[in-house]
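Trainee: model the following, please.
(one chain, ligands or ions: 1)
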Amino acid sequence: MGKSIESHLHEDRVFQPPKEFSRKARISSMAQYRRMYKESIAKPASFWGREAKELAWQKPWKKVLDWSAPYAKWFVGGKLNVTESCLDQHLDGPRRNKAAIIWEGEPGETRVLTYQQLHREVCRFANVLEANEVKSRDRVLIYMPMIPEAAIAMLACARIGAVHSVVFGGFSAESIVDRLEDSGATTVLTADGGYRRGKVVPLKANVDAALKSHKGVKRVVVYQRTGAKVTMKRGRDLWWHEELEKVSASHQARAFDSEHPLFILYTSGSTGKPKGILHSSGGYLLGAYTTCKYIFDMRDEDVYWCTADVGWVTGHTYIVYGPLANGVTQVMYEGAPNFPDFGRFWSIVEKYGVTIFYTAPTAIRAFIKAGDKFPASHDLSSLRLLGTVGEPINPEAWMWYHEKIGGGRCPIVDTWWQTETGAIMISPLPGCTPTKPGTATLPFFGVDAAILDENGKECKADEGGKLVIRKPWPSMLRTIYGDARRYKKVYWSDYVGRYTAGDGARRDRDGNFWIVGRLDDVLNVSGHRLGTAEVESALVAHKAVAEAAVVGRPHEIKGQGVVAFVTLREGVKTSGRIEEELRNHVGKVIGAIAKPDEIHLTPALPKTRSGKIMRRLLKELVATGKITGNITTLEDFGVITKLQKEMKK
Ligand code: PRX
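Mentor: Numbers count the residues shown, from 1 in each chain. Coordinates of the predicted model:
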């Protein structure tokens, strides 16, 4: 492989952290970073043991790490209730009446929940769950809009030791079915709807549709957000507000083992079936807590805003667990960035005086396209730190973010991590790391990242290879839920004892990591992972489709767009509307984010003689309009001419 992963990006601009920022930052010099990094790698037990003492434990651990590759146990023997670090421990001091969540709904209303109020709501809802016989280790599926109750639902599960599995509100009924089947959840928490771009997303109706084909769910608790009319099934569906009336507001937090499962979050892999990434309690919480503390340099006086949805891992770690464990005030926003126009985010920053802002490159590109007048007409001077996550940020988008949003004075932390890693792994520390547009720079404490060639040798500077992590870290995934074999195969089989991230990368001469992108058949659409196999399975499930192949192509806003090549079944009439029908079908099966940007109908797909679809050729065709790559293994050469003609249409 080695040379086959190429990066053509050369970036010489270097930005030093502003002196004013460094002076106050927790880590204020590279010497301090290097010293701590060295300790974290050489003596992980003493480094992480010290950090973990800042969390609330009910029983101290006996051993920091028990590593039997590829299985890690962190803080062995320790017991905690994750929600005590996020809530209870703030109630004895000045944070008691501090805003934990300042929420803004898309229609414009505001709610503020102090730490004390949030604690109370979590306790009440934990009592609701227990009253409905949800027990420790039971799985609970959460399908909610971006309202405080989404966080309350997650924390209430954590409080009673139940395992939450949040499904992004943009996913379809069929995606809910897959996740219910895999997780075995018997309780669903949802809402009558949520607002998105002025419309009500019919969350409850989607749950109803899912439960027509999946029968195992005993309880659906429905929060009334929009007042939209929904059907409530007797004996199964309950109103959230009615259940709350029946319970008390006090709830004793039981202690759970440090390795007690906290949540399952599904993410795309290179097969059609999403992987249920399982995270556990103590180590995950520590990863969330320390990365917020050092990378976002969170302070009591900060107003922090992460624009992700709780349905993604970013929402888990950087809306719920990390910020709350740090006792920070955060903004939570329900709706779309461009509702009613592209000024919405900037009006929120101005209104609440946001100081730390964390978003995705795809959003930044959309803002650039919308025009500078939107940020320019708002006072963004409260901002002191910016972050990005989800995909490599194009240097030009980085520069725009730096100048137009950060006013040239805010450090940018480009944070590389994954659903599997639980927390940020590679990122600048804002008070010390020199940044270059487009690189996530250096590994965080305890992260032994390296780039290896196919023989397992570390690549030289500027040579492309596979990104691996050579040591266990506290917030690492523990397994793929119900599929230990897949866990070992996907993450631990490329090199013995090394975690393979599935990303290609290189290090420059200063040691900075430049992430090139996924090496497997996974696309990155608007910062979200989407397996090409998932889209293919959805297409093939349509009655008109015989076969489908899906590849990515560069997309101005989304980063990558979805291109599908489809062979229709014999005798299907192409009425001219079939493409639109297939797009909608994919939207229905997976969710709107998976809808192909282009569909090309073709009488045949390029295949090897053994029948494997040669996606490599399709990728080339999509990128360049022609195929010049090696086609010696191709079964039918005529296919190429037909495809090239189709692409010219
Ligand atoms: O390819 C990398 C890309 O997103 C993948 C992880 O996706 P997911 O599990 O959905 O988590 C997204 C939020 C953590 C990675 O394998 N990625 C994420 N952050 C970056 C990135 N690529 C480059 N630079 C980043 N900062």
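
Trainee: tell me which residues form a beta bridge with the residue of the stretch 501-649 of the chain found nearest the ligand?
Mentor: Here the stretch 501-649 of the chain gets closest to the ligand at one residue, Ile515, 3.6 Å apart by C-beta to the nearest ligand atom. C-beta here means a position set from N, CA and C on the backbone, and glycine is covered the same way. Applying DSSP bridges to Ile515 gives these bridge partners: Ala505.

Trainee: next, count neighbours for the residue in the stretch 151-300 of the chain that the ligand sits nearest to.
Mentor: Nearest to the ligand, among the residues of the stretch 151-300 of the chain, is Thr267, at 5.1 Å (C-beta to the nearest ligand atom). Applying other C-beta atoms under 10 Å, we find 20 residues neighbouring Thr267.

Trainee: for the residue nearest to it when sequence neighbours are not counted, helix, strand, or coil?
Mentor: Spatially, and ignoring its direct neighbours in sequence, Thr267 is nearest to Thr419 (4.2 Å; C-beta to C-beta, 6 or more residues apart in numbering). Classification of Thr419 by DSSP: H, G, I helix; E, B strand; the rest coil places it in coil.

Trainee: report the contact partners of Thr419.
Mentor: Thr419 is in contact with 265, 267, 277, 312-313, 477, 529, counting by C-beta atoms under 8 Å, 6 or more residues apart in numbering.

Trainee: the residue of the stretch 151-300 of the chain closest to the ligand contacts His279, doesn't it?
Mentor: No: using C-beta atoms under 8 Å, Thr267 is not in contact with His279; the gap is 11.7 Å.

Trainee: report the contact partners of the residue lying closest to His528 once chain neighbours are set aside.
Mentor: Closest residue to His528 in three dimensions, ignoring its sequence neighbours and counting by C-beta to C-beta, 6+ apart: Ile593, at 5.9 Å. Ile593 makes contacts with 170, 525-526, 528, 530, as judged by C-beta under 8 Å, 6+ apart.

Trainee: now stretch 293-308: mean pLDDT?
Mentor: Here stretch 293-308 scores 98 as its mean pLDDT.

Trainee: do the same with stretch 82-92
Mentor: For stretch 82-92, mean pLDDT rounds to 98.

Trainee: so which bits of that stretch are buried?
Mentor: Neighbour counts using 16 or more other C-beta atoms under 10 Å place 82-90 of stretch 82-92 among the buried residues.

Trainee: go on, stretch 328-348?
Mentor: By 16+ other C-beta under 10 Å, the buried positions in stretch 328-348 come out as 328-339, 342-346, 348.

Trainee: I'd like the distance between Val128 and the ligand.
Mentor: Going from Val128 to the ligand by C-beta to the nearest ligand atom, to the nearest Å gives 31 Å.

Trainee: show me the shaky parts of the stretch 51-200 of the chain.
Mentor: Low-confidence segments of the stretch 51-200 of the chain (pLDDT under 70): none present.

Trainee: helices of that one, start to end?
Mentor: Counting by DSSP state H, counting those that start in this stretch, one finds helices in the stretch 51-200 of the chain at the ranges 82-86, 115-131, 148-160, 173-183.

Trainee: closest one to Lys43 out of the contacts of Thr419, please.
Mentor: Leu477 (23.8 Å; C-beta to C-beta).

Trainee: the lowest-mean-pLDDT helix or strand in the chain packs against which elements?
Mentor: Across the helices and strands of the chain, mean pLDDT, DSSP states H and E gives its lowest value to helix 638-648, namely a mean of 83. Applying 3 or more C-beta pairs under 8 Å, 6 or more residues apart in numbering; DSSP states H and E, one finds that helix 638-648 makes contact with strand 598-601, helix 615-624.

Trainee: confidence-wise, which of the ones you listed is weakest overall?
Mentor: Minimum mean pLDDT among those: helix 615-624, a mean of 89.

Trainee: give the buried residues for it.
Mentor: Buried residues in helix 615-624, counted by 16+ other C-beta under 10 Å: 615, 617-622.

Trainee: save those as CSV, and put in distance to Pro392 too.
Mentor: CSV is the format used below for those (distance: C-beta to C-beta, whole Å):
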residue, distance to Pro392
Arg615, 21
Leu617, 25
Leu618, 23
Lys619, 18
Glu620, 21
Leu621, 24
Val622, 19
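
Trainee: mind listing residues that contact the least confident helix or strand of the chain?
Mentor: Defining contact as C-beta under 8 Å, 6+ apart, one finds that helix 638-648 is touched by 565, 600-607, 617-618, 621-622, 625-627, 631, 634.

Trainee: got a ChimeraX select line for the buried ones in these?
Mentor: Applying 16+ other C-beta under 10 Å to these, the buried members can be selected in ChimeraX as follows:
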select :565,600,601,602,605,606,607,617,618,621,622,627,631,634
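
Trainee: give me every residue in the chain lying close to the ligand.
Mentor: Residues of the chain lying close to the ligand (C-beta under 6 Å from any ligand atom) are 267, 313-314, 389-392, 414-419, 440, 501-503, 515, 517-518, 524, 528-529.

Trainee: redo that, cut-off 8 Å
Mentor: Within the chain, the positions lying close to the ligand (C-beta under 8 Å from any ligand atom) are 267-268, 308, 312-314, 361, 388-393, 414-421, 424, 426-427, 440, 501-503, 515, 517-518, 522, 524, 527-529.

Trainee: quick one, domains of the chain?
Mentor: Segmentation of the chain into domains, based on automatic domain parsing, reads 19-81+276-515, 84-254, 522-647.
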